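Asks: Task: produce atomic coordinates for the following.
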Amino acid sequence: MSCTSDYTTLIFDIGDVLFSWSPPLILSSSTWIDYERGRVSQADEFSIDSAEVGCAFQDACDSLQSNNELISVIQHLKAHSNGMLHVFAMSNITVPDYEFVRTKPVDWALFDDIFTSTGVGERKPNLSFYKTVLSSTGADPSHTICVDDKMENVLSVRSLGMRGIVFEDHCQVVRTLYNLLGDPVERGRQYLTLNAKKLLSITNNGISLWENFSQLLILEATDNQNLVNLTDTPHTWNFFQGIKPLLTTEEYPFDLDTTSLGLTLMGSPEDVAHPVMDDMLDCIDDDGIIQIYFDHHRPRFDPVVSVNAPTLFYSYGRGHQLDCTLHWICEVLLHRAYPNSMRYYTTLECFLYFLGRLLQISNDTYLAVYLKLLLIERVQERIGAEGDTLALSMCLQLCAYLELCNDVDLHTFLPLQCEDGGWEIGWIYKYGTSSIRIGNHSLATSLAVKAILEMQHFPSPPPLPSTLSGLTLGSAPHTSSVRGLGWRIEIDEHN
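Replies: Okay, the predicted model is just below:
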């Protein structure tokens, strides 16, 4: 799978994309259509008073405003393309109106050429208009993005093999352009660097909080301690940072989940880790399942915690001491007991992700035989399922580890990158009593970057047999590109 954007041509509509204006009602008439094609003149063909027509046109011209924010983005994209990006404009517009538009203080040199309906002798959405543009520019339709505010125009564009974007608002188009033309990994890393040491979590009711668990996961995903803030904790860890926890009891006990993650990631020396693990063995219930808190007055268990604690134990050669917990985890996986049943985690993918992490870190052959095939089956069930950025990135990382092809989620996932390079927030855990969710933009971004990198190294699937073998589209074998965003997946269509 290639992860290099191969779009080389941008085409923008002028009216209501590069410029906004208030067009007169006469623009929907058949006479106006011929007028835009240059086939009739304003003075001879309009049946209403010429002064009234002129006044309407003047009002429309006076309302014309350039979309400077979008034009600035186009300038930025072209300037950073190493000369590979060509930009064109197009419009259904008459000669006098076009001459007026060109008087506007816009960087017209930005456009390699401009195509008007009068110049072409056709108008959008007619296919002949777009074919003329493609022929004149030499643009490859499969490498071309076209932005227009009218759906019928975008339909024609797409039918010719171009990537068509319906202009709905400035932010939507800019986000899409950056996602199609930018490097998602580079942009994600820039977002994290810009927000270093400020990677707070936030609840779904808008409360910001500092907590250790997300910081540890960001550190694991990025291997960059300069990004995160961590509590200086040599032994056991608390989920919350600071003296006073938020939205829970005033005294919040240290927990096995954050402690397991912290000791594993920080590479704690054995004389520190082993006494902590000894204390953990005192936190096992009568069924042999490890608990969440070091506080025996809070008996709680959760499938994810029951995975993360064994991960720590395996890291120090003591995995066998939690056999009962691991057996229960296998039963949870086998019987699909995890949906809507986890006390502190929000998605199925969290359980599966940390289970995959256990297998990777433990590198235990017996454990892999015991769990891996079943995990593969469960992950395959989640491919294509609805999920937020965190769930999708976790699923993609699992697929890369398990060598499962997952272009479906990758194509869903890439457009979720925001204009600033970060990804939309993903929810990872929740308060046990109130079910208030906690998420983190930077955690979603760091896992997203890692998922993309790991999927880049995943080999492309073998060529698929052509589904077009019964059609006579040409005698020569060819290669087609199936696209999600700016990323290319080649499917060889040899018969």
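Asks: Any idea how far the helix or strand hosting Asp97 is from the middle of the chain?
Replies: Counting by DSSP states H and E, the secondary-structure element that holds Asp97 is helix 95-101. With Cα atoms, centre = their mean, to the nearest Å as the basis, the distance from the averaged C-alpha position of helix 95-101 to the chain average is 40 Å.
Asks: For it, name the packing helices and strands.
Replies: In this structure, helix 95-101 packs against helix 50-62, with contacts taken as 3 or more Cβ pairs under 8 Å, 6 or more residues apart in numbering; DSSP states H and E. Quick note: C-beta positions are derived from backbone N, CA and C, even for glycine.
Asks: Just after the helix it packs on, pick out the following helix or strand.
Replies: Using DSSP H and E, the next helix or strand after helix 50-62 towards the C-terminus is strand 65-66.
Asks: Start from the N-terminal end of the protein and give the strands.
Replies: Here the chain has its strands, by DSSP state E, at 9-13, 19-20, 65-66, 86-91, 113-116, 144-148, 163-166, 201-203, 208-209, 427-430, 437-439, 479-483, 488-492.
Asks: Now that we have those strands, can you turn them into TSV and tack on mean pLDDT?
Replies: Supplementary listing: the strands of the chain in TSV, determined by pLDDT from 0 to 100:
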stretch	mean pLDDT
strand 9-13	98
strand 19-20	88
strand 65-66	88
strand 86-91	97
strand 113-116	97
strand 144-148	98
strand 163-166	97
strand 201-203	96
strand 208-209	94
strand 427-430	94
strand 437-439	96
strand 479-483	36
strand 488-492	38
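Asks: To Tyr98, which of those lies closest?
Replies: strand 113-116 (5.3 Å; Cβ to Cβ).
Asks: What average pLDDT does the helix holding Asp97 get?
Replies: Averaged across helix 95-101, pLDDT comes to 89.
Asks: Distance to Tyr366 added to the strands of the chain, as TSV?
Replies: TSV is the format used below for the strands of the chain (distance: least, Cβ to Cβ, whole Å):
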stretch	distance to Tyr366
strand 9-13	55
strand 19-20	66
strand 65-66	67
strand 86-91	58
strand 113-116	66
strand 144-148	52
strand 163-166	49
strand 201-203	36
strand 208-209	40
strand 427-430	30
strand 437-439	35
strand 479-483	40
strand 488-492	37
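Asks: picking that back up, give the buried residues for the helix holding Asp97.
Replies: By 16 or more other Cβ atoms under 10 Å, the buried positions in helix 95-101 come out as 97-98, 100-101.
Asks: Alpha carbons of it, as PDB, please.
Replies: Taking only C-alpha atoms (Å, rounded to 0.1, in the frame of the first residue of the first chain), the coordinates of helix 95-101 have been written out as PDB:
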ATOM      1  CA  VAL A  95     -17.200  37.900 -21.300                       C
ATOM      2  CA  PRO A  96     -18.200  41.300 -19.600                       C
ATOM      3  CA  ASP A  97     -18.700  39.600 -16.300                       C
ATOM      4  CA  TYR A  98     -15.400  37.800 -16.500                       C
ATOM      5  CA  GLU A  99     -13.700  41.000 -17.400                       C
ATOM      6  CA  PHE A 100     -15.200  42.600 -14.300                       C
ATOM      7  CA  VAL A 101     -14.100  39.600 -12.100                       C
END
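Asks: Tally up the residues packed near Glu403, please.
Replies: Other residues lying near Glu403 total 9 when counted by other Cβ atoms under 10 Å.
Asks: For it, give its distance to Glu454.
Replies: For Glu403, the distance to Glu454 equals 11 Å [Cβ to Cβ, to the nearest Å].
Asks: what does Ile329 give?
Replies: Counting by Cβ to Cβ, the separation of Ile329 from Glu454 is 24 Å.
Asks: what about the two, which has more around it?
Replies: For Ile329 versus Glu454, the count of surrounding residues by other Cβ under 10 Å is larger for Ile329: 24 against 16.
Asks: Identify the residue nearest that one in space, chain neighbours excluded?
Replies: Spatial nearest neighbour of Ile329, excluding adjacent residues (Cβ to Cβ, 6 or more residues apart in numbering): Ser306 at 5.5 Å.
Asks: pretty sure the one you found is touching Gly288, no?
Replies: No - at 10.4 Å, Ser306 does not count as touching Gly288 under the criterion of Cβ atoms under 8 Å.
Asks: Need the overlap of contacts for those two.
Replies: Shared contacts of Ser306 and Gly288, defined by Cβ atoms under 8 Å, 6 or more residues apart in numbering, comprise 325, 328.
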